[in-house]
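1. Sequence plus the predicted model coming up.
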Amino acid sequence: MRDVLRHTHPADRYGAAASGRGLLLVPSAFAHKPAPPVSAEEPPLLVHPSRGVATLWTPAPTPDAPALVSLLGATRARLLDLLGEPLPTIEIARRFRVTPSAVSQHLRVPHATGLVTRSRDGRQVLHRRSPLGDRLTGRAVSRRSTVCNRGGSHT
């Protein structure tokens, strides 16, 4: 018989007219064998075990600080570590004892790769580690919104 989906398993048999209705494949972390629909009236679908299910509960590797320095360089790794809170370029320059243009140069690559975000507050540009940067450094930061008032304080 043509255009019929057949699933044959020792425990159950299933057949459904599939012509023109397609077949929906549904990966599942909870299926240990392929499973057809409950009734023949349902559209043709097949629930099947997902690949890599065992890795779902594997903890993420912990970041390695020396490896991060090797990847980014010592200055950029320090910058990324510092930027858990939004800081203006001038403040970063003061803390690193370098010029604001040197800070901008060091932030160019982390910003371009999505490790650091920028936002403008009046005449200042605020830099902050992104969620991707948080994961790379292993530092989780609560992401409540930062509101700046004219006095320059952050709440």
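-> Okay, I see it.

2. what domains does the record give for the chain?
-> Domain ranges of the chain: 4-52, 65-137, per automatic domain parsing.

3. just for this structure, where's the confidence low?
-> Along the chain, segments meeting pLDDT under 70 span 1-19, 37-38, 40, 140-155.

4. those helices in it, which residues are they?
-> For the chain, the helices defined by DSSP state H cover 65-72, 74-82, 89-96, 100-112, 131-137.

5. looking at those helices, which is closest to R51?
-> R51 lies closest to helix 131-137 among these, at 23.6 Å (C-beta to C-beta). In short, each C-beta sits where N, CA and C put it, glycine included.

6. what's the burial count for P110?
-> 23 (other C-beta atoms under 10 Å).

7. Same check on the one 3 residues further on?
-> By the criterion of other C-beta under 10 Å, T113 has 13 neighbours.

8. how close does it get to R76?
-> Relative to R76, T113 is positioned 10 Å away (C-beta to C-beta, to the nearest Å).

9. so how far is L46 from L79?
-> With C-beta to C-beta as the criterion, L79 and L46 are 50 Å apart.

10. now the residue nearest to the spatial centre of the chain, nearest residue through space, not along the chain?
-> Nearest residue to the geometric centre of the chain (C-alpha atoms, centre = their mean): L132, 6.7 Å. Closest residue to L132 apart from its sequence neighbours, by C-beta to C-beta, 6 or more residues apart in numbering: G114 at 5.1 Å.

11. so that neighbour makes contact with S130?
-> Yes. At 5.8 Å, G114 counts as touching S130 under the criterion of C-beta atoms under 8 Å.

12. quick one: which of those two has more around it?
-> S130 (17 against 12).

13. For the closest residue to the more buried one other than its chain neighbours, name its beta-bridge partners.
-> Leaving aside its sequence neighbours, S130 sits nearest to T117 (C-beta to C-beta, 6+ apart; 4.9 Å). Beta-bridge pairing for T117 (DSSP bridges): R128.
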